[in-house]
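Undergrad: one predicted model, sequence on top.
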Protein chains: 2
Amino acid sequence: MFTIGKLASQTSVSNDTLRYYEQEGLIEPAGKSPAGYRLYDEDSARRIRFIKHAQLCGFTLSEIRELLVLRVRDKACCGDVRTRAIEKKLQIESKICAMKAMSKALDQLIAECANEAQPVEECTIIAALERADIAPPVQ
Amino acid sequence: MFTIGKLASQTSVSNDTLRYYEQEGLIEPAGKSPAGYRLYDEDSARRIRFIKHAQLCGFTLSEIRELLVLRVRDKACCGDVRTRAIEKKLQIESKICAMKAMSKALDQLIAECANEAQPVEECTIIAALERADIAPPVQ
DNA sequence: CTTGACCTTGGAGTATACTCCATGGGGTAG
DNA sequence: CTACCCCATGGAGTATACTCCAAGGTCAAG
């Protein structure tokens, strides 16, 4: 059992963030010292790693809270978790698509700007961004 | 020339959001009625579309403000404009990279969890998210 | 002339995910 | 005993991007 500072440095998260996660119902200390210090164990560290990795995968804290509920609830199937992962992946893919279109438009703009006398009114990025038919809404 | 409500419904943005964009220096009404009503034209609508599409591409409002400066400033396409465009492209590429990493991490999780009927205690997504060796921090 | 939809401004509130701070107690080294 | 760092709580602040509200002016229809 170790205190919050140890868990923080072990997981590269601040004490404040850990207390914030607790406040948000994402974690619970394994116990408390007589003085009221939060005490954590290896399972706490695993949980923090879970949260951090899920965040890197694009999950919000409230989505992660749901995943953590699934993780505990024994009736839930892996499929529930998988469905959420697939949904999140689709969201991300859609965003990547939109950004690739943007990047392409910028490439074009940069190429055309290479010849100095190009008037701004003809910038392709602007044309691309003003068109109604690009980048389908991402959520 | 039309009022804010018309522009709002035409662009599927709320009146409040339009006023907020004005406050943030993203748009300006084309004119004002004698009573002080904001009046907009087709160019305003194009500008809103520009903002919305750029947002879908992952730009923040302050980045969009910069893009709008590019769009309006400079009668000729100068080296400075090109530099800004290249900077924006690098930002986008970096964002695409980050999102690809997220997508890849999710792919890995989804692939590992092929058996949908698996109970949560054996969910490989959760196991994977608890492992310390996946999805190195991006950005 | 009244109704009701629409507009104005300024300011406060929401959600996300922290981050910092003040105040005060806890625990150990010298 | 005194440093000195660690921990506790509660509350405020940050950034982004809205969203809502109150109080009041504008305007066309009936």
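TA: Everything's here; your move. Numbers count the residues shown, from 1 in each chain, chains lettered A, B, ... in the order given.

Undergrad: give the contact list for the closest residue to A:R47 other than its chain neighbours.
TA: Nearest residue to A:R47 in three dimensions, chain neighbours excluded: A:I27, at 5.6 Å (Cβ to Cβ, 6 or more residues apart in numbering or on different chains). From N, CA and C alone the C-beta is placed, and that goes for glycine too. Neighbouring residues of A:I27 by Cβ atoms under 8 Å, 6 or more residues apart in numbering or on different chains: A:18, A:21, A:44, A:47-48, A:51.

Undergrad: among those residues, which are located in helices?
TA: A:18, A:21, A:44, A:47-48, A:51 (DSSP state H).

Undergrad: check the secondary structure at the spatially most central residue of chain A for me.
TA: Centroid check for chain A by Cα atoms, centre = their mean gives A:G58 as the closest residue, at 2.8 Å. Per DSSP: H, G, I helix; E, B strand; the rest coil, the local secondary structure of A:G58 is coil.

Undergrad: could you pull up phi and psi at the residue lying closest to A:E24 once chain neighbours are set aside?
TA: Counting by Cβ to Cβ, 6+ apart, A:E24 lies nearest to A:L61, which is 6.0 Å off, once chain neighbours are set aside. In terms of degrees, to the nearest 10, the main-chain angles of A:L61 are phi -60, psi -40.

Undergrad: mind listing what A:L61 touches?
TA: A:21, A:24, A:26, A:51, A:55.

Undergrad: could you do A:L106 as well?
TA: Contacts of A:L106 (Cβ under 8 Å, 6+ apart): A:125, B:85-86, B:88-89, B:92.

Undergrad: what subset of the residues you listed is buried?
TA: By neighbour count, with 16 or more other Cβ atoms under 10 Å in any protein chain shown, the contacts of A:L106 hold A:125, B:85, B:88-89, B:92 as buried.

Undergrad: minimum pLDDT in these, which residue is that?
TA: Comparing pLDDT over the buried ones among the contacts of A:L106, A:I125 scores lowest. The value there is 54.

Undergrad: any idea how far the residue lying closest to A:S14 once chain neighbours are set aside is from A:K52?
TA: Leaving aside its chain neighbours, A:S14 sits nearest to A:A8 (5.9 Å; criterion: Cβ to Cβ, 6+ apart). The spacing between A:A8 and A:K52, counted by Cβ to Cβ, to the nearest Å, is 12 Å.

Undergrad: and which of the contacts of A:L106 is nearest A:A35?
TA: Set against A:A35, the nearest of the contacts of A:L106 by Cβ to Cβ is B:I92 (50.9 Å).

Undergrad: and the helix ranked longest in chain A, does that touch DNA strand C?
TA: For chain A, the helix with the greatest residue count under DSSP H is helix A:78-113. No: no part of helix A:78-113 sits near DNA strand C under the criterion Cβ under 7 Å from any atom of the strand; the closest distance found is 11.9 Å.
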